[in-house]
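*Asks:* Give the three-dimensional model of this entry:
(one chain, ligands or ions: 1)
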Amino acid sequence: MSMSEAYATTPLPNHSDESNNEPKRLATSIRKLTKEYVLKSETVRALRGVSFDVPEGDYVAIMGPSGSGKSTLLNLLGCLDKPTSGSLMLGEDDIASMTDDQLAEIRSKRIGFVFQSYNLIQQLSVVENIQVPLYYQGRLGAKERARAVELAELVGLGDRLDHRPTQLSGGQQQRVAIARSLINDPYFVLADEATGNLDSVTTDEILAIFDGLNNEGRTIIMVTHEDDVAERAKRIVRLKDGMLHTDEIVSEERRIAVRARQAQAVKELLARE
Ligand SMILES: Nc1ncnc2c1ncn2[C@@H]1O[C@H](COP(=O)(O)OP(=O)(O)OP(=O)(O)O)[C@@H](O)[C@H]1O
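*Replies:* From the prediction side, this is the model:
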């Protein structure tokens, strides 16, 4: 059984059984967040006062029409840009008041990015690509390599450690990117249309990996246009015109039904080939 198959057949945790009533720590807390882009002739108000919390262990899909502010929000969460006003906490770190250097440090040490286009370095092997975020910190010892190998195994690439990206399929390259996103033990994995370039069978495999990571307690925040992808998350936050439009919990029953429906579709697709 492959890792993604193992994940796909793992039952989802039943949160109604949770007896621990302590408030969950927050991976991020957003309050009245605004972002304006000042152009020559006009000011674009891309985010107009967005507030929500993401507890550790949550799995949030961010949706919304084109221009609603998804990328802007993702850039702020990823410390790639600074808000115009409002507060943005990542764990205990207050992002809104940080200098560019401090932001760069948080970005490289505490955020895991997964992009639609994988963004792997072609000259490096799988295990070296997974270690890339550590290069910037000068941390490249045997311990770090062992951790990268462990992560490669986690995403089902234990037998591809020395392959280059060109020797891998799109789905395998995205697995490398997921492993790379975890090397710094991030506040959360920030995925931007992570399955946008993949066929439905591979999409299902990658989503199974995200399910598994989330079952292990990893926080995932994912921007997507696709309902089928969003319904795998525990929660769907919709933006509209730079504001929070809806914030919906996806019930365990719906998630299980969605996974079963998608697994069936994949099975039928594979049977046709
Ligand atoms: N760097 C920028 N300079 C000026 N305006 C910008 C910039 N980035 C985004 N915008 C504007 O801010 C608004 C929100 O854009 P954003 O890219 O966040 O939306 P989106 O929901 O991610 O859209 P899409 O789904 O098309 O990627 C849009 O009106 C866009 O034109």
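
*Asks:* for residue 88, what are its contacts?
*Replies:* Counting by Cβ atoms under 8 Å, 6 or more residues apart in numbering, residue 88 touches 28-31, 33, 76-77, 94-96. (Each C-beta comes from the backbone N, C-alpha and C, glycine too.)

*Asks:* The closest residue in space to it that isn't next to it in sequence and residue 114: what is the separation?
*Replies:* Of all residues not flanking residue 88 in the chain, residue 95 sits nearest, at 4.3 Å (Cβ to Cβ, 6 or more residues apart in numbering). For residue 95, the distance to residue 114 (Cβ to Cβ, to the nearest Å) stands at 20 Å.

*Asks:* who's more crowded, these two?
*Replies:* Using other Cβ atoms under 10 Å as the criterion, residue 95 and residue 114 rank with residue 114 on top: 25 against 21.

*Asks:* part of a strand, is that one?
*Replies:* Yes. According to DSSP: H, G, I helix; E, B strand; the rest coil, residue 114 belongs to a strand.

*Asks:* surely it meets residue 181?
*Replies:* Yes. Using Cβ atoms under 8 Å as the test, residue 114 is close enough to residue 181 to be in contact (5.1 Å).

*Asks:* is it possible to export the contacts of residue 88 to TSV including secondary structure, distance to residue 129 and pLDDT?
*Replies:* Shown next, in TSV, are the contacts of residue 88 (DSSP: H, G, I helix; E, B strand; the rest coil; distance: Cβ to Cβ, whole Å; pLDDT from 0 to 100):
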residue	secondary structure	distance to residue 129	pLDDT
28	strand	26	95
29	strand	32	96
30	strand	31	96
31	strand	36	96
33	strand	32	97
76	helix	26	95
77	helix	23	95
94	strand	32	91
95	helix	27	90
96	helix	32	86
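
*Asks:* and which of the residues you listed is nearest residue 272?
*Replies:* residue 77 (39.5 Å; Cβ to Cβ).

*Asks:* For the chain, what lies in contact range of the ligand?
*Replies:* Proximity of the chain to the ligand (Cβ under 6 Å from any ligand atom) is limited to residues 37, 39, 44, 46, 64, 66-72.

*Asks:* Kindly recompute the last result at 5 Å.
*Replies:* 37, 44, 46, 66-72 (Cβ under 5 Å from any ligand atom).

*Asks:* among these, who's most crowded?
*Replies:* residue 69 (25 neighbours).

*Asks:* And that one, how far from residue 184?
*Replies:* Look at residue 69 and residue 184: by Cβ to Cβ, they are 27 Å apart.

*Asks:* what bridges to residue 47?
*Replies:* Counting by DSSP bridges, residue 47 forms beta bridges with residue 35.

*Asks:* With adjacent residues omitted, what lies nearest to residue 231?
*Replies:* Of all residues not flanking residue 231 in the chain, residue 258 sits nearest, at 4.4 Å (Cβ to Cβ, 6+ apart).

*Asks:* With residue 189 instead?
*Replies:* Leaving aside its sequence neighbours, residue 189 sits nearest to residue 112 (Cβ to Cβ, 6+ apart; 4.3 Å).

*Asks:* Over to residue 183?
*Replies:* Residue 183 sits nearest to residue 133 (Cβ to Cβ, 6+ apart), 5.4 Å away.

*Asks:* Give me the helices and strands touching the helix or strand where that neighbour lies, please.
*Replies:* Assigned by DSSP states H and E, residue 133 falls within helix 126-135. Helices and strands touching helix 126-135, by 3 or more Cβ pairs under 8 Å, 6 or more residues apart in numbering; DSSP states H and E, are helix 142-154, helix 170-182.

*Asks:* Now do that helix against helix 142-154, angle only.
*Replies:* 130 degrees (axes from the mean of the first three to the mean of the last three Cα atoms, to 10 degrees).
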